[in-house]
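J.: attaching a predicted model along with its sequence, questions to come.
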Amino acid sequence: YDIETIAHKMIVRLEILTKENKEMAKMLSYGKSKEVHIELNLVRRENDELKEKIKLLEGKIESLSQKE
């Protein structure tokens, strides 16, 4: 191999690795956004459940207040 051939092979390899890195970064970014989306939905569900419990407790308090 001469120097030009080796340099060309190195450049091609660097381009391939750069492309692979960009693709992996996209996948990682997608994974993190998906994870945040799932976590957000879980927190929303928990929030809805807590609101429902508050309504039930407020109803019980109101009914107890009316009995007195």
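T.: Nice, thanks for sending it over. Computed from a prediction, not measured in an experiment: that's the story for all the values here.

J.: quick one: residue 62 from residue 68, how far?
T.: For residue 62, the distance to residue 68 equals 11 Å [CB to CB, to the nearest Å]. (Each C-beta comes from the backbone N, C-alpha and C, glycine too.)

J.: just want to know which of the two has more residues nearby.
T.: residue 62 (10 against 4; other CB atoms under 10 Å).

J.: what's the neighbour count on residue 63?
T.: With other CB under 10 Å as criterion, residue 63 counts 9.

J.: now residue 51
T.: Residue crowding around residue 51 was assessed by other CB under 10 Å; the count is 10.

J.: now the helices for the chain?
T.: Per DSSP state H, the chain carries helices over the ranges 3-67.

J.: distance from the centroid: which residue in it tops it?
T.: No residue in the chain sits farther from the centre than residue 68, which is 50.2 Å out by CA atoms, centre = their mean.

J.: burial count for residue 39?
T.: Other residues lying near residue 39 total 10 when counted by other CB under 10 Å.

J.: sorry, back to before: residue contacts, the residue farthest from the centre of the chain?
T.: Contacts for residue 68 (CB atoms under 8 Å, 6 or more residues apart in numbering) come out as none.
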